[in-house]
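*Asks:* Attaching a predicted model along with its sequence, questions to come.
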Amino acid sequence: MFIAGNFISALANILDIVLEFFTWVIIARAILSWVSPDPYNPIVQFLNKVTEPVLYPIRRIMGSYNIGIDLSPMIAILMIIFLKRFLVGTLFGIAQRLG
């Protein structure tokens, strides 16, 4: 059980790092949306390709409220915080019980 505990703990650490990185990518995209970035810039293209699969469904579910502010990055970040607290915390708890 010691090996399984270490594996789950390592998995939780990696998931935590990936979710933290994705949070910063979403923040970078939101900040870039305040200016008019060059759509052909490779960094802008990367940010759009990585975040659009998450942000588009949120925009579609929220509908078009036409308030002038895109709230999908904030909702995505709240979802990531939930995943970090619930899923990563649960995985760490399981790892401690197995270790």
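*Replies:* Yep, that arrived.
*Asks:* List phi and psi for N41.
*Replies:* Per-residue torsions, N41: phi -70, psi 130 (degrees, to the nearest 10).
*Asks:* ok, it to M1 distance?
*Replies:* Distance from N41 to M1, counting by Cβ to Cβ, to the nearest Å: 50 Å. C-beta here means a position set from N, CA and C on the backbone, and glycine is covered the same way.
*Asks:* same thing with L55?
*Replies:* Taken as Cβ to Cβ, the span from L55 to M1 is 40 Å.
*Asks:* These two - which one has more neighbours?
*Replies:* A count of neighbours by other Cβ atoms under 10 Å puts L55 above the other of L55 and M1, at 19 against 8.
*Asks:* Now do the same contact list for the more buried one.
*Replies:* By Cβ atoms under 8 Å, 6 or more residues apart in numbering, the contact list for L55 reads 26, 29, 72-73, 76.
*Asks:* Turn those residues into TSV, including neighbour count and distance to G5.
*Replies:* Putting these into TSV (neighbours: other Cβ atoms under 10 Å; distance: Cβ to Cβ, whole Å) gives the following:
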residue	neighbour count	distance to G5
I26	21	32
R29	21	36
S72	20	37
P73	20	35
A76	20	31
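*Asks:* What is the burial count for T51?
*Replies:* Residues contacting T51 under the criterion other Cβ under 10 Å number 20.
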